[in-house]
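Asks: Predicted model and sequence follow; I will ask about them next.
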Amino acid sequence: MSTVLSEIAVVEAGAVSGLRPPALWVAPEYTGSIEALAQKERELGERLAGIAARFFRARFASSLAAEDMVLTDAILRGTEAVRAGIRVFTLQTGRLHAETLAVLDKVQSHYGYSIEQFTPDAEAVENYLKKNGLNGFYDSIDLRKECCGIRKVEPLNRALSHADAWMTGQRREQAVTRAELPFEEMDEARGIPKFNPLADWSEAEVWAYLKRHNVPINDLHAKGYPSIGCEPCTRAVRAGEDVRAGRWWWESKDSKECGLHEQNIKH
Ligand code: SF4
């Protein structure tokens, strides 16, 4: 078994014979006031209303994980203008966990809303697999980025080809690559504005919102996953570890972006 795969086995199963399983990440408790949270929610509603008022074809790229479910909920329970003006889509990479795919059904039954799915180009995937094997992305950062390029970036480009603005659930606290994340920035590559309405939210605020509004979430969060991407590139996180430590955990912190948010990386 490779180092990468054995690491997954140790953390996820937590059951090496004779050893106690490691304590895994759990969602943090919110210790602020309800009033402060309600104020944050009002500001979020205003941010979304502002985006819907300025743009006709705004798109929200949802990973279906915790932060993105806050935004999904705020959009789908928002004003008519917000619901109609900001469409939610996801990138169905073909390597997602069953628990992540199940969120699509949960959203459908909870909100009566069908999240649009964008899939990778089948020929590009086949060529990559022939050349590099099923899990070639473990072998180098270049091969990992090539896989993300095929399964995420190209479908994202397609999803945004007619958009006049787009939105993500990124937060500043999540990673060193996101420490200076603004609410609004220009996506130079696509020539459209990009919004991060949760940029100043804490992890505890995200979880307080999800509980307060009974938002449907990915079952993996209850199994030690704070951040969720493709199955082979995401593992559970130990208590006290960085919340994105389970994403491409074999790489350095500075390279951990998949190409969707390339501008976060300072060159
Ligand atoms: S996260 Fe992993 S499996 Fe998913 S697209 Fe990137 S390299 Fe490929």
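Replies: Received, thanks.
Asks: is it true that residue 190 touches residue 160?
Replies: Yes: the pair residue 190 / residue 160 is scored as a contact, 5.9 Å apart, by CB atoms under 8 Å. The C-beta positions use only the backbone N, C-alpha and C, and glycine is treated the same way.
Asks: Now for these two: what residues contact both?
Replies: When CB atoms under 8 Å, 6 or more residues apart in numbering defines a contact, the residues bordering residue 190 and residue 160 alike are residue 166.
Asks: more crowded one of these two?
Replies: residue 160 (21 against 15; other CB atoms under 10 Å).
Asks: Might one say that the more buried one is in contact with residue 154?
Replies: No: look at residue 160 against residue 154 with CB under 8 Å: they stay out of range, at 11.1 Å.
Asks: Show me which residues of the protein are close to the ligand?
Replies: Counting by CB under 6 Å from any ligand atom, the chain comes close to the ligand at 93, 95, 137, 144, 147-148, 151-152, 229-230, 232-233, 258.
Asks: I'd like the distance between the most centrally placed residue in the chain and residue 227.
Replies: In the chain, the C-alpha nearest the mean C-alpha coordinate belongs to residue 63, at 3.8 Å (CA atoms, centre = their mean). Distance of residue 63 to residue 227, given as CB to CB, to the nearest Å: 9 Å.
Asks: Using the three-state scheme, assign residue 249.
Replies: The assignment at residue 249 comes out as coil when based on DSSP: H, G, I helix; E, B strand; the rest coil.
Asks: what's the burial count for it?
Replies: 18.
Asks: pretty sure it is in contact with residue 232, am I right?
Replies: No: if you go by CB under 8 Å, residue 249 and residue 232 don't touch, sitting 11.3 Å apart.
Asks: any idea of the mean pLDDT in the biggest helix by length in the chain?
Replies: If you go by DSSP state H, the chain has its longest helix at helix 34-54. Summarised as a single mean, pLDDT over helix 34-54 is 98.
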